[in-house]
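Novice: one predicted model, sequence on top.
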Amino acid sequence: MLTLFLTSSCLLHAAARAEGEATAPVQGPAAAAPAAAPSAAPITANIGLVSDYRFRGISQTWKRPAVQGGFDYAHSSGFYLGTWASNVSGNSYNNGAGLEMDLYGGFKTAVAEGVTLDVGALAYVYPGARLNRAPGVPTGDKYDNVDVYAAVTAGNFSGKLSVAATDYFGLDGNTAAYAYFNALTPAGSSKGSAYLDLNYGFDLGQGLTAAAHVGHLWVRHYGDLSYTDWKLSLSKPIESLGGLTLSASLVGTDADKRFYQAGDAGGLNAKRLGNTGVVLGVSKAF
């Protein structure tokens, strides 16, 4: 692997689905550090357990735990590829395997002293999952989504803009009435929806790291779905536990509660998925 910077890059893209864009898939902070010495292995892996899988502040697991993990390959030229997976709730992603698989790749390079540019694409795939037109009545419409992104890291700060190259997780004029908890007025394609992700991380000493994140989602043609999310997190590796990293995050959004809910298989007992909550995690990188 080119540098530990590249490792951070791969984790950042896997992070896109672990507790929001700002956190690595195994709960480590995505705040980048200055370029470090080269790593010997071009392939790394990670595995983790979280008390709730939050993506852009919204629970993907009906506020239940998730097991997550992935693999990353980084070439010395700056090109990288990776894959990451997590369980998700069938209450949010109907008719599928209860699984999310992320596939991503891109290129990362230094553009100035201490400044790195990262560009690439990230596909979110939900095997077998299809949107419903009514409880238990599936359509042929998939939740799968593809983002293209550009990110800049400078010291402890990172910023990333992701733009949907497809309809935003299946939302279009045909699915607007059932894609979210309450019906939306059909307004055409949501392609071009964008998410801005800003992060800052800092070392508190003795291995304890803090990170702050704020993000904003713009959903094209469906402004009621746009919202801001935020997160404050702490993480610390514990050598006495075999190098496991423990983490705790306070996550919240101002997402419209009318839409960001999910009921059970019968559409009942709805939970608000964007409420402020604490997410605990344990992880291991290899």
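Specialist: Everything's here; your move. Residues are numbered from 1 along each chain as shown.
Novice: mind telling me what element residue 109 is part of?
Specialist: strand 99-112 (DSSP states H and E).
Novice: packing partners for that strand?
Specialist: helix 4-15, strand 79-87, strand 115-125 (3 or more CB pairs under 8 Å, 6 or more residues apart in numbering; DSSP states H and E). Using the backbone N, CA and C atoms, a C-beta is placed for each residue, glycine as well.
Novice: how big is the angle separating the last one from strand 99-112?
Specialist: For strand 115-125 against strand 99-112, the angle by axes from the mean of the first three to the mean of the last three CA atoms, to 10 degrees is 160 degrees.
Novice: ok, and for strand 115-125, which residues are buried?
Specialist: 116, 118, 120, 122, 123, 124, 125 (16 or more other CB atoms under 10 Å).
Novice: isn't there a helix covering residue 128?
Specialist: No - checked against DSSP: H, G, I helix; E, B strand; the rest coil, residue 128 lies outside a helix; its state is coil.
Novice: neighbours of it, just the number please.
Specialist: The number of residues packed near residue 128 is 13, by other CB atoms under 10 Å.
Novice: ok, now residue 163?
Specialist: Counted with other CB under 10 Å, residue 163 comes out at 16.
Novice: do residue 276 as well
Specialist: 11.
Novice: from memory it sits against residue 251, does it?
Specialist: Yes - assessed by CB atoms under 8 Å, residue 276 is found in contact with residue 251 at 6.9 Å.
Novice: intersection of neighbour lists for those two?
Specialist: Listed as contacting both residue 276 and residue 251 by CB atoms under 8 Å, 6 or more residues apart in numbering is no residue at all.
Novice: three-state assignment of the residue lying closest to residue 189 once chain neighbours are set aside?
Specialist: Closest residue in space to residue 189, ignoring its immediate chain neighbours: residue 172 at 5.1 Å, by CB to CB, 6 or more residues apart in numbering. Under three-state DSSP, the three-state class of residue 172 is coil.
Novice: gap between residue 172 and residue 56?
Specialist: Taking CB to CB, to the nearest Å as the measure, residue 172 falls 19 Å from residue 56.
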